[in-house]
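fold the following and give me the result.
(one chain, ligands or ions: 1)
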Amino acid sequence: MKKIIINGGKSLNGKLAVPSAKNSLLPILAGSILVKGVVKINGFERFSDCEDMLEILRRLGAKTVVKGKTLYLDCENINNSVVESDLALKLRASIYTMGAIMARMKVAKIAYPGGCLIGARPIDQHLKGIRSLGGRIIERHGYLYCKGENLTSGEVYLDLPSVGATYNIILASVCLKGTTTIYNVAKEPEVVDFQNFLNACGARVSGAGTDKIVVKGVGKLLHSCEYKPIGDRIIAGTYLIAVAGCTGNIKLTNVNPEHLEALLYRLEESGCEIKRGKNSISLTCDHRPKALTRIETKPYPGFPTDLQAPMMALETVSDGSCLIIENLFESRFKHINELNKMGANILVADRNAIVKGTDMLYGADVYASDLRAGAALIIAGLMASGYTTIHNIEHIDRGYIKIEDALKKLGADIIRKNF
Ligand code: EPZ
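Below you'll find the predicted structure:
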């Protein structure tokens, strides 16, 4: 089993370029299903989730070529409409293909999605949205049997600002005739990026970043385009938190500080000094983090759920106690037992965790349960005294690019072992 071994306690210093956002690349790949032509993505990154999504697209009939950090995706001859469970179960974003396949192929057979085991992760909002536009979806034997020939533009009211449902409803409606309005949508920066990509392919989508999106259907498939996604704010936040916990200084490029304000002002409260550039963030920290009394995850622009685990790792060595509330996913505390193995002092009650800061963590054998829990364990290992071995790092490779190389560049004593 792949693992990462860290000899902790080193200060981290240096400069890193943030890779393109995984959570932009995945909906962009799904949206490419509606392009009758070639999509060229600059800044493409080989997250394992993106590799799995490309395999889904190849099985639909797309051709893919990756040259360095450029992806050429030819969707001229998409001729299949099935997403099998072997691939769908690997990632949540597989469900993002449903609306696009229904719109292009008029039928779709999609297995239920997988992804991080951080909660039930229902898809009721996806189904509600597409059904309210006339899509027919029957759930049977673990598959969604979909018919799209009656899809019609209209109005959709989401019960909650689901990121994935926002993508799916946009994709089901963008090639229709007429205008579709979607209310109570997700406002994440990746949704804005997705809108910009679709418009580069000839779509007419507006309102992303607000709670209402208007899709002016173009009545045909989309055309070729070239696009570069935004930097990954969650990877950026992970590295900033690591430096805050280990002390040192870091400059991150290719990341928009506006996308991370919910984290940046908390790190300033922790005692870090932060400089915001146009597309860069610098952080300096030379002392133990001050405790944040409360961290509560919320949909964007609130504190991001994807940085809850990394931030909890930081709070384990703060100078006080912190209440962390996870509002988005009902089972996103699996890193707590592993952190407590390293000497952390964390109590849990339902979606609430009380973290009592301790002077020092100690290296241990710990096990990643999901992507961001794994990132939290890496941060803890970097801060701890002695050696930490993080097992099951395939979870981490889903959302970080060669994380050990990036951290080694900052001065960490870290190696990967693939056996
Ligand atoms: C996206 O997941 C991200 N994944 C997640 O990042 C992120 O944590 C999440 O948005 C929230 O920001 C990608 O972009 C690939 P949701 P998604 O639909 O689309 C409930 C990571 O670590 N819900 O906004 O699944 C759901 O159970 C990953 O990179 C319903 O109840 O997020 C959850 O509690 C993890 N019904 C909440 O909404 C639905 O139909 C947020 O889900 C859909 C969602």
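
buried stuff in the lowest-mean-pLDDT helix or strand in the chain?
Within the chain, no helix or strand scores below helix 394-397, which has a mean of 95 by mean pLDDT, DSSP states H and E. By 16 or more other CB atoms under 10 Å, the buried positions in helix 394-397 come out as His395, Ile396, Asp397. C-beta: built from backbone N, CA, C; applies to glycine.

likewise for stretch 362-369?
Tyr362, Gly363, Ala364, Val366, Tyr367, Ala368, Ser369.

distance check, the last one against Lys278.
Distance from Ser369 to Lys278, counting by CB to CB, to the nearest Å: 37 Å.

can you check the fourth one too?
Applying CB to CB, the value for Val366 to Lys278 is 38 Å.

over to Thr388?
Separation of Thr388 from Lys278 (CB to CB) stands at 36 Å.

more neighbours, the two?
Thr388 (27 against 7; other CB atoms under 10 Å).

contacts only, for the more buried one.
By CB atoms under 8 Å, 6 or more residues apart in numbering, the contact list for Thr388 reads Ile5, Ile6, Gly8, Met342, Gly363, Ala364, Asp365, Val366, Leu377, Ala380, Gly381.

thought the last one was touching Ile390?
Translated: Gly381. Yes - contact criterion CB atoms under 8 Å: Gly381 and Ile390 qualify, at 6.2 Å.

next, count neighbours for Ala242.
Quick note: Ala242 (other CB under 10 Å) scores 28 neighbours.

use 48 as the first number from now on
In the new numbering, first residue 48, that becomes Ala289.

so which strand or helix has it?
Applying DSSP states H and E as the criterion places Ala289 in helix 280-293.

list the contacts for Glu273?
Contact partners of Glu273, counting by CB under 8 Å, 6+ apart, are Val86, Lys87, Ile88, Asn89, Ala247.

is the first one bridged to anything, and to what?
Taking DSSP bridges, one finds Leu120, Cys272 as the beta-bridge partners of Val86.

now it: how far from the ligand?
18 Å (CB to the nearest ligand atom, to the nearest Å).

give me the distance between that residue and Leu101.
Look at Val86 and Leu101: by CB to CB, they are 12 Å apart.

shared neighbours, the two?
Jointly contacting Val86 and Leu101 under the rule CB under 8 Å, 6+ apart are Leu118, Leu120.

neighbour count for those two, which is higher?
Neighbours per residue, other CB under 10 Å: of Val86 and Leu101, the larger number sits with Val86, 25 against 20.

do I have it right that Met430 meets Ala360?
Yes - contact criterion CB under 8 Å: Met430 and Ala360 qualify, at 7.4 Å.

more crowded one of those two?
Between Met430 and Ala360, Ala360 has the larger neighbour count (other CB under 10 Å), namely 30 against 25.

contacts for the strand or helix carrying the more buried one next, please.
Secondary structure from DSSP H and E places Ala360 in helix 355-362. For helix 355-362, contacts defined as CB under 8 Å, 6+ apart pick out 284-285, 288-289, 291-292, 310, 313, 317, 336, 338-339, 342, 344, 350, 369, 371, 373, 379, 382-383, 386, 393, 400, 402, 404, 419-420, 422-424, 426-427, 430.

drop anything exposed from those residues.
Buried residues within these, defined by neighbour count using 16+ other CB under 10 Å: 284-285, 288-289, 291-292, 310, 313, 317, 336, 338-339, 342, 344, 350, 369, 371, 373, 379, 382-383, 386, 393, 400, 402, 404, 419-420, 422-424, 426-427, 430.

near the ligand, which of those residues show up?
Residues shared between the buried ones among the contacts of helix 355-362 and the neighbourhood of the ligand are Arg419 [CB under 6 Å from any ligand atom].

now, which of the buried ones among the contacts of helix 355-362 lie within strands?
Ile342, Cys369, Ile371, Ile393, Ala400, Val402 (DSSP state E).

in a markdown table, list those along with pLDDT.
Shown next, in a markdown table, are those (pLDDT from 0 to 100):
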| residue | pLDDT |
| --- | --- |
| Ile342 | 98 |
| Cys369 | 98 |
| Ile371 | 98 |
| Ile393 | 98 |
| Ala400 | 98 |
| Val402 | 98 |
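
farthest-apart pair in those, please.
Spanning the widest gap among those are Ile342 and Ile393, at 12.7 Å by CB to CB.

for the stretch 48-197 of the chain, just list every one of the strands.
Counting by DSSP state E, counting those that start in this stretch, the stretch 48-197 of the chain has strands at residues 50-54, 59-64, 85-89, 110-114, 117-121, 129-130, 154-158, 183-187, 190-194.

take these and lay them out in JSON lines including distance to Asn70.
Below are the strands of the stretch 48-197 of the chain laid out as JSON lines (distance: least, CB to CB, whole Å):
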{"stretch": "strand 50-54", "distance to Asn70": "23"}
{"stretch": "strand 59-64", "distance to Asn70": "18"}
{"stretch": "strand 85-89", "distance to Asn70": "14"}
{"stretch": "strand 110-114", "distance to Asn70": "19"}
{"stretch": "strand 117-121", "distance to Asn70": "16"}
{"stretch": "strand 129-130", "distance to Asn70": "19"}
{"stretch": "strand 154-158", "distance to Asn70": "20"}
{"stretch": "strand 183-187", "distance to Asn70": "24"}
{"stretch": "strand 190-194", "distance to Asn70": "22"}
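
using a markdown table, lay out the ones you listed together with mean pLDDT.
Shown next, in a markdown table, are the strands of the stretch 48-197 of the chain (pLDDT from 0 to 100):
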| stretch | mean pLDDT |
| --- | --- |
| strand 50-54 | 98 |
| strand 59-64 | 98 |
| strand 85-89 | 98 |
| strand 110-114 | 98 |
| strand 117-121 | 98 |
| strand 129-130 | 98 |
| strand 154-158 | 98 |
| strand 183-187 | 97 |
| strand 190-194 | 98 |
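
surely Glu441 is in contact with Lys49?
Yes - with contact defined as CB under 8 Å, Glu441 reaches Lys49; the gap is 5.9 Å.

enumerate the residues of the stretch 248-397 of the chain near the ligand.
Residues of the stretch 248-397 of the chain lying near the ligand (CB under 6 Å from any ligand atom): Thr352, Asp353, Leu375, Phe376.

pull out the buried members of those.
Thr352, Asp353, Leu375, Phe376.

where does the first one fall, phi/psi-wise?
Dihedral angles phi and psi of Thr352 (degrees, to the nearest 10) take the values phi -60, psi -30.
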